[in-house]
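Engineer: Everything below, folded, please.
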Amino acid sequence: MRILVLAKRQYTGKDLLDDRYGRLYELPRGLAACGHDVAALIWSYRRRGASFRTGEGVRWWSEDMWPFPTSHSKRLREVVIGARPEVIWGSSDALHAVLATRLGRKLHIPVVLDHYDDYESFRLTSALGLIGPLRQACAKAAALSVVSQTLAETIKVRIPGVGPMAVVGNGVPEGFSVRAPKDEARRQLGLPVDAALIGTAGALDSSRGIDDLLHAFALLRQRRPNVRLVLAGPRDRNTAAFMARDAEVIDLGLLAHDRVPWLYSALDVGVVCNRDSAFGRACHPQKLVEMAACGLPMVAAAVGDAAIMLEQANLYAPGNALALTHRLERQLDAPSRAPSSIALRWSELAVGLEAILQKAIDNFQAGPVLV
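Structural biologist: Now for the predicted structure:
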């Protein structure tokens with residue numbers, strides 16, 4: 001297949017090209033590894049300057065949205081002429097969904113729209129009045145790839161008669177697993193060897209429910225003075241203030257992604273916080289599958305697909321810090337691990353996406369070219 005990828009450059013707090021991280025980087029490179037010709041045009045919502053890179057079989061073009069979005073249109077025409085795509089995979093937000101669908105109609109090729117989140121909950125969607133156009137784009141797409149089962153069900157209710165949908169969750173890179181025995185991992189990160197360590201990595205802010213963990217830790221420490229909390233990742237002001245005033249919190253700062261397995265090797269229990277929000281209900285938690293890949297016992301907020309993936313004993317009601325405290329105590333006393341089978345490799349997920357794209361091409365019905 002000749003595949004054109006349309007996506008944005010910055011997402012989930014990362015830069016797709018600079019950090020080479022996550023879904024929008026891993027799935028295109030996985031498709032290229034399957035032998036497909038993959039060209040990607042990435043729209044930067046921050047000033048990065050136009051660039052071209054190749055890596056692991058994918059040709060990446062990047063253009064800034066500001067101050068001249070017309071440069072993106074010009075580059076898009078050039079990429080289309082050179083790549084001669086048979087199918088478009090569009091991801092990132094409502095704007096990209098609408099753009100991909102319109103381009104597909106103009107080129108008379110199928111479009112598969114990817115939802116790694118609930119795009120209707122994005123401020124950009126409402127600010128630009130794109131809820132209606134987004135739903136229309138989804139209804140016209142040849143197929144949808146959706147990050148979670150919960151989000152797939154939501155979209156089906158919103159858009160009656162929407163086309164084929166396949167769940168393509170989040171995965172882990174090859175080799176993402178335990179790095180060393182617990183004591184060695186702790187020494188590598190400068191963590192205490194003799195303490196009980198609970199913790200997490202990723203966005204540490206209230207919108208992701210981190211307050212549950214901070215409150216639960218305060219309660220847990222009253223019962224178990226030997227417990228320490230280890231955190232790594234970007235944080236909001238409230239979280240930063242809590243960490244600064246509590247000497248029992250260990251701050252690892254912004255931990256490089258290839259160091260995260262060391263953290264999960266060092267902890268006794270990992271925590272996946274979330275809120276009962278549009279994001280929480282839609283997401284397929286990246287850190288959950290990463291912890292599972294490392295065999296780390298965990299406790300997660302019972303929202304979205306996390307409530308499907310884990311046993312009830314390893315879940316807590318979002319917003320209930322006392323329930324989280326009890327679950328943490330249970331895991332410290334009698335650790336139970338999630339099955340490693342829930343942590344699929346990106347390469348495995350790319351094979352699933354490959355099937356969706358091929359089916360979209362096979363089922364595409366000819367019609368009038370709309371310019």
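
Engineer: residues in contact with stretch 354-368?
Structural biologist: Applying CB atoms under 8 Å, 6 or more residues apart in numbering, the contact partners of stretch 354-368 are 1, 3, 31, 34, 36, 86-87, 89, 108-112, 142-143, 145, 164, 166, 168. C-beta coordinates here come from the backbone N, C-alpha and C atoms, glycine included.

Engineer: quick one: secondary structure of Asp183?
Structural biologist: Secondary structure for Asp183, judged by DSSP: H, G, I helix; E, B strand; the rest coil, is helix.

Engineer: Quick one: residues contacting it.
Structural biologist: Taking CB under 8 Å, 6+ apart, one finds Val193 in contact with Asp183.

Engineer: Would you mind measuring from it to Ala166?
Structural biologist: 43 Å (CB to CB, to the nearest Å).

Engineer: Test my guess that Gly49 contacts Phe68.
Structural biologist: No. Look at Gly49 against Phe68 with CB atoms under 8 Å: they stay out of range, at 11.9 Å.

Engineer: who has more neighbours, the two?
Structural biologist: Taking neighbours as other CB atoms under 10 Å, Gly49 and Phe68 compare with Phe68 leading, 11 against 8.

Engineer: Check what pLDDT the more buried one gets.
Structural biologist: On the pLDDT scale, Phe68 is placed at 72.

Engineer: Low-confidence stretches in this structure?
Structural biologist: Applying pLDDT under 70 to the chain flags residues 365-371.

Engineer: His115: neighbour count?
Structural biologist: Neighbourhood size, His115 [other CB under 10 Å]: 25.

Engineer: same thing with Ala7?
Structural biologist: Using other CB under 10 Å, the number of residues around Ala7 comes to 24.

Engineer: Could I get the contacting residues of it?
Structural biologist: So Ala7 contacts 16, 24, 40, 42-43, 90-92, 96 (CB under 8 Å, 6+ apart).

Engineer: The same query, at a cut-off of 7 Å, please.
Structural biologist: Residues in contact with Ala7 (CB atoms under 7 Å, 6 or more residues apart in numbering) are 24, 40, 42, 91-92, 96.

Engineer: Doesn't Ser71 belong to a helix?
Structural biologist: Yes. Judged by three-state DSSP, Ser71 forms part of a helix.

Engineer: Would you mark the buried spots in stretch 338-345?
Structural biologist: Judged by neighbour count (16 or more other CB atoms under 10 Å), stretch 338-345 contains these buried residues: 338, 342-345.

Engineer: ignore the last one, stretch 66-85
Structural biologist: Buried residues in stretch 66-85, counted by 16+ other CB under 10 Å: 72, 75-76, 79-80, 83, 85.

Engineer: Distance from the chain centre to that stretch, please.
Structural biologist: Offset of stretch 66-85 from its chain centre (CA atoms, centre = their mean, to the nearest Å): 26 Å.

Engineer: Need the residues that contact that stretch.
Structural biologist: With CB under 7 Å, 6+ apart as the criterion, stretch 66-85 contacts 2-4, 39, 41, 43, 47, 50, 61, 63, 65, 107, 109.

Engineer: Same question for stretch 28-36.
Structural biologist: Under CB under 7 Å, 6+ apart, the answer for stretch 28-36 is 1, 3, 5, 38, 40, 56-58, 346-347, 349-351, 353-354.
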